[in-house]
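Student: build me a model from this:
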Amino acid sequence: MDEQTTYFWSYRQKRGRDGVWRDALTLYRDGTRTRFVFHAGEAGSGRYTSEGGYWMEGCLADGRGNLLNLREPGVVRALVDEAGRRGLLTGAGELDGWELFRAVVVSRSAAATAGVPPGSPPGP
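Tutor: Sure, this is the predicted structure:
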């Protein structure tokens, strides 16, 4: 992704017809909509969403101390960059956001730690 590409984005949470909560980040560009969906997992699955709670709205966690906030522009940018690297932004569609979670956590951790090379795993 180049630095000149602009997306509009929005965040929402909702309970599906199946009763499972999901957090979704939707990108809009040139009339194309791409949605990253994060379904809440079962207990112990390592896939935690805000599940309708307003106090942590937009937050995702894996149960290992890693958390992303889908309302932070830096997290959105990291998702776009990772999806672009994987060739997933070729058209409209819905993506499983959990497939990108670990890579985005690593990139955000490295960006927040001075002197750490890009792509380094998070520290202790």
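Student: would you map the strands across this protein?
Tutor: 8-15, 21-29, 32-39, 59-61, 67-69, 93-96 (DSSP state E).
Student: could you dump the ones you listed to TSV with mean neighbour count and mean pLDDT?
Tutor: Quick note: C-beta positions are derived from backbone N, CA and C, even for glycine. Below are the strands of the chain laid out as TSV (neighbours: other Cβ atoms under 10 Å; pLDDT from 0 to 100):
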stretch	mean neighbour count	mean pLDDT
strand 8-15	14	92
strand 21-29	19	93
strand 32-39	18	94
strand 59-61	19	93
strand 67-69	18	94
strand 93-96	13	95
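Student: which one of these lies closest to Gly115?
Tutor: Among the strands of the chain, the nearest to Gly115 by Cβ to Cβ is strand 67-69 (22.6 Å).
Student: does anything pack onto that closest one? Which helices or strands?
Tutor: strand 59-61, helix 98-112 (3 or more Cβ pairs under 8 Å, 6 or more residues apart in numbering; DSSP states H and E).
Student: could you point out which of these sits nearest Arg15?
Tutor: strand 59-61 (16.1 Å).
Student: now for that closest one, which elements pack on it?
Tutor: strand 67-69.
Student: can you add distance to Arg85 and give the helices and strands packed on strand 67-69 back as TSV?
Tutor: TSV is the format used below for the helices and strands packed on strand 67-69 (distance: least, Cβ to Cβ, whole Å):
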stretch	distance to Arg85
strand 59-61	20
helix 98-112	8
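Student: just to revisit the earlier point, need the strands of the chain in CSV with distance to Glu82, can you?
Tutor: CSV is the format used below for those (distance: least, Cβ to Cβ, whole Å):
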stretch, distance to Glu82
strand 8-15, 15
strand 21-29, 12
strand 32-39, 10
strand 59-61, 14
strand 67-69, 11
strand 93-96, 10
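Student: for Arg102, which of the ones you listed is the nearest?
Tutor: strand 67-69 (10.2 Å).
Student: got a list of what Leu67 touches?
Tutor: Cys59, Leu60, Ala61 (Cβ atoms under 8 Å, 6 or more residues apart in numbering).
Student: got a list of what the first one touches?
Tutor: With contacts defined as Cβ under 8 Å, 6+ apart, the neighbours of Cys59 are Thr49, Ser50, Leu67, Leu68, Asn69, Leu70.
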